[in-house]
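[1] Model the structure of this input:
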Amino acid sequence: MADDDYAVIKDMLERVRVIYAAGNSASAEQVNRLKDRIQGYLAKRVCIENQGAVVRFKYAQNSIVQATDEVLVLGRGTYQTYIIAKNAIKFMNPSSVALGGTLVAGKRISMGIVGSSNGIATHCRVLDKDGKIYAVRLYSNTVITINGRKKIV
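    Alright, predicted model coming up:
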């Protein structure tokens with residue numbers, strides 16, 4: 001939790017404690033002001049948490065990467081990496097490599113070279129029924145799954 005969030009929550013809890021200690025002598029106005037402040041804080045947190053996060057990196061190996069929006073691979077690619085993105089996984093360089101591992105996206109995956117001539121298993125899955133998987137080149141032992149329909153290259 002960020003320091004400013006900690007301070008806000010601490011202050012609100014202190015005000016709750018004061019109102020609780022006052023018992024029946026606490027005014028309805030005090031209680032309503034605190035209630036509005038708590039509801040405002042919670043509404044702000046929900047907005048922040050519902051914003052999608054985009055994860056960007058150049059290279060990943062033996063890693064787990066998760067994003068609430070997109071994963072953008074800007075460099076040479078991924079090796080034995082597990083990637084999950086709510087919306088899309090995009091390899092920005094057409095010569096980038098997805099070698100081994102698993103890629104799961106909600107709507108779309110676009111990649112450069114997938115798998116290797118040695119047949120290293122690479123799993124690519126899109127969950128949406130209208131999802132798409134694009135690749136410049138697919139090597140054997142690449143598993144493509146869209147909406148539960150699986151194809152092994």
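
[2] tell me the phi and psi of Ile83?
    Ile83 has phi and psi values of phi -120, psi 130 when expressed as degrees, to the nearest 10.

[3] what pLDDT does it get?
    Among the per-residue scores, Ile83 shows a pLDDT of 96.

[4] Which parts of this protein are helices?
    With DSSP state H applied, the chain shows helices at 3-22, 28-50, listed in chain order.

[5] Which helix or strand in the chain has the lowest average pLDDT?
    Lowest by mean pLDDT, DSSP states H and E among the helices and strands of the chain is helix 28-50, with a mean of 79.

[6] Does anything pack onto that helix? Which helices or strands?
    Secondary-structure packing of helix 28-50 (3 or more Cβ pairs under 8 Å, 6 or more residues apart in numbering; DSSP states H and E): helix 3-22. In this view, the C-beta of every residue, glycine as well, is placed from N, C-alpha and C.

[7] any idea of the mean pLDDT in the helix it packs on?
    Taken as a whole, helix 3-22 has a mean pLDDT of 82.

[8] Now the least confident helix or strand of the chain: buried residues?
    In terms of neighbour count (16 or more other Cβ atoms under 10 Å), helix 28-50 has its buried residues at 34, 38.

[9] distance between it and the chain's centre?
    Relative to the centre of its chain, helix 28-50 is centred 26 Å away, using Cα atoms, centre = their mean, to the nearest Å.

[10] how far off helix 3-22 does it point, in degrees?
    Between helix 28-50 and helix 3-22, the angle formed by their directions is 150 degrees, by axes from the mean of the first three to the mean of the last three Cα atoms, to 10 degrees.

[11] Burial check on the nearest residue to Leu127 once chain neighbours are set aside, number of neighbours?
    In space, and not counting its chain neighbours, Leu127 is closest to Gly106: 5.3 Å by Cβ to Cβ, 6 or more residues apart in numbering. The tally of other residues near Gly106 (other Cβ atoms under 10 Å) stands at 17.
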